[in-house]
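Trainee: can you look at this prediction? I've put the sequence above it.
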Amino acid sequence: MKGRNTELTDSGVRIIDQSRLPNEEIYLTLSSAEDLCDAIKTLKVRGAPAIGIFAAYALYTLAKSLPQEDFGNRLKEYAGYLNSSRPTAVNLSWALRRVLDAYERSAGMPHGEMLKELEKEAAAIHEEDISMCRAISGHGLSLLKDGSTVLTHCNAGPLATSEYGTALGPILLAKERGIDVKVFADETRPLLQGARLTAYELQKAGVDVTLICDNMASIVMQSGWVDAVFVGCDRVAANGDTANKIGTSGLAVLAKYYGVPFYVLGPSSTIDTGCRTGEDIEIELREGAEIGKMFYEKPMAPAGIKYYNPAFDVTKAELITAIVTEKGIFKPPFDFSRTAQE
């Protein structure tokens, strides 16, 4: 499955509402600051690269509505507002910074030309992500062979990026090339991105995919049915510690125990060279209703119960076999403070 799930239109930013999948394929066109920010907060758009693309288009859309008077300060306020929507994925702040930098470079131009520069920068972020996904997919495919079975967690396919995806990219590329790769997809509690999104994308692409509950990962590894674990990432620290959807760290521990290679795939824009280790990554906490109420007809937990609902966890670099970006395959020891921008 390829395609553009995020598009800039004259009326705003058009996205597929991921919160309604797989049962409803609903497209939204958003233009107000509140709706654009809410789309990120409520996971209508999600996946680190997709968030970056969406944020760049969102900031440009808002820029078009601003009066020329005090334009720069208002643009920065909107960027800060969008950036507050989710704290963990570095692509959000990275993309907004790029659009702001484009403004700084073009501030002396006539207003219409300056807006065109902002639009051009947002479009460049999108096009670059497509190229990055293709490169990541190619590098990741070199880690597989005909007949391989991959276990994956959360969703890192076209819905989370631009085209092909990161963790799912090699699998979709293998399908295109007639290479047989099977997949076990964790359901990914509590928001079920694996069940709702990964299974949807892979099944639509004709990939042999089997859905499992998160706590079944151990038995399929123990049975010798998994050749590799492929996951995406929302932020990578300079030392290789990686933040990804909650449950990823536990998979890495299991993979280490059972001797299964554990690969993290993502664009180099997710590498935060200013973040020394995973301990410096802010972990987003979400409402407990996602655990006890969402997707249920009735609440499945006692009234008044306390919840702890972190959206991400950090996988230590020592558990990671390799990190795959568009620039190649990086193996431990990781030191992205030197290599990420080379």
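Mentor: It's in.

Trainee: what are the boundaries of the strands in the stretch 101-250 of the chain?
Mentor: 148-152, 181-186, 209-212, 228-231, 235-237, 242-245 (DSSP state E, counting those that start in this stretch).

Trainee: which positions in the first one come out as buried?
Mentor: For strand 148-152, a neighbour-count test (16 or more other Cβ atoms under 10 Å) marks Ser148, Thr149, Val150, Leu151, Thr152 as buried. (C-beta placed from N, C-alpha, C; glycine too.)

Trainee: check the third one too.
Mentor: Neighbour-count burial for strand 209-212 flags Val209, Leu211, Ile212 (criterion: 16+ other Cβ under 10 Å).

Trainee: could you dump these to CSV with distance to Leu75 and pLDDT?
Mentor: Converted to CSV, these look like this (distance: Cβ to Cβ, whole Å; pLDDT from 0 to 100):
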residue, distance to Leu75, pLDDT
Val209, 43, 98
Leu211, 43, 98
Ile212, 46, 98
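
Trainee: so which of those residues comes closest to Pro299?
Mentor: Leu211 (24.4 Å; Cβ to Cβ).

Trainee: of the buried residues of strand 148-152, which is the nearest to Lys41?
Mentor: Distances from Lys41 to the buried residues of strand 148-152, taken as Cβ to Cβ, are shortest for Thr152 (25.0 Å).

Trainee: below-threshold pLDDT in the stretch 1-150 of the chain: ranges please.
Mentor: Applying pLDDT under 70 to the stretch 1-150 of the chain picks out residues 1-3.

Trainee: apply 80 and report the result again.
Mentor: Low-confidence segments of the stretch 1-150 of the chain, defined by pLDDT under 80: 1-4, 88-89.

Trainee: what's the domain layout of this structure?
Mentor: If you go by automatic domain parsing, the domain ranges for the chain are 6-134, 143-339.

Trainee: helices along the stretch 201-342 of the chain, start to end?
Mentor: Secondary structure of the stretch 201-342 of the chain (DSSP state H, counting those that start in this stretch): helices at 217-222, 248-258, 289-292, 336-339.

Trainee: need those in JSON lines (columns: mean neighbour count and mean pLDDT).
Mentor: Putting those into JSON lines (neighbours: other Cβ atoms under 10 Å; pLDDT from 0 to 100) gives the following:
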{"stretch": "helix 217-222", "mean neighbour count": "16", "mean pLDDT": "98"}
{"stretch": "helix 248-258", "mean neighbour count": "19", "mean pLDDT": "98"}
{"stretch": "helix 289-292", "mean neighbour count": "16", "mean pLDDT": "96"}
{"stretch": "helix 336-339", "mean neighbour count": "16", "mean pLDDT": "74"}
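
Trainee: those into CSV, with extra columns for distance to Asn23?
Mentor: Below are those laid out as CSV (distance: least, Cβ to Cβ, whole Å):
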stretch, distance to Asn23
helix 217-222, 25
helix 248-258, 26
helix 289-292, 18
helix 336-339, 40
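
Trainee: select, out of the ones you listed, the one closest to Ile40.
Mentor: Smallest distance to Ile40 across these (Cβ to Cβ): 15.7 Å, for helix 289-292.

Trainee: and that closest one, how far out from the chain middle?
Mentor: Distance, stretch centre to chain centre, for helix 289-292: 22 Å (Cα atoms, centre = their mean, to the nearest Å).

Trainee: and the buried residues of strand 148-152, which is closest to Leu319?
Mentor: Once Cβ to Cβ is applied, the member of these that ends up nearest Leu319 is Leu151, at 14.5 Å.

Trainee: give the bridge partners for that closest one, please.
Mentor: As for beta bridges, Leu151 partners with Phe184, Val229 under DSSP bridges.

Trainee: do you know the pLDDT at it?
Mentor: Predicted confidence (pLDDT) for Leu151: 98.

Trainee: isn't it up against Val183?
Mentor: Yes - in terms of Cβ atoms under 8 Å, Leu151 counts as a neighbour of Val183; the distance is 7.4 Å.

Trainee: picking that back up, which one of the strands of the stretch 101-250 of the chain lies closest to Leu30?
Mentor: Leu30 sits nearest to strand 242-245 of all the strands of the stretch 101-250 of the chain, at 24.0 Å, using Cβ to Cβ.

Trainee: look up how far Ala199 lies from Gln50.
Mentor: Rather than Gln, residue 50 is Ala. Counting by Cβ to Cβ, to the nearest Å, the separation of Ala50 from Ala199 is 18 Å.

Trainee: let me fix that, I meant to ask about Leu173.
Mentor: Counting by Cβ to Cβ, the gap between Leu173 and Ala199 amounts to 19 Å.

Trainee: okay if I get the strands of the stretch 101-250 of the chain as TSV plus distance to Asp280?
Mentor: Conversion of the strands of the stretch 101-250 of the chain to TSV gives the following (distance: least, Cβ to Cβ, whole Å):
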stretch	distance to Asp280
strand 148-152	26
strand 181-186	27
strand 209-212	33
strand 228-231	20
strand 235-237	7
strand 242-245	10
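
Trainee: closest one to Ser337 among the ones you listed?
Mentor: With Cβ to Cβ as the criterion, Ser337 lies closest to strand 235-237 of these, at 9.5 Å.
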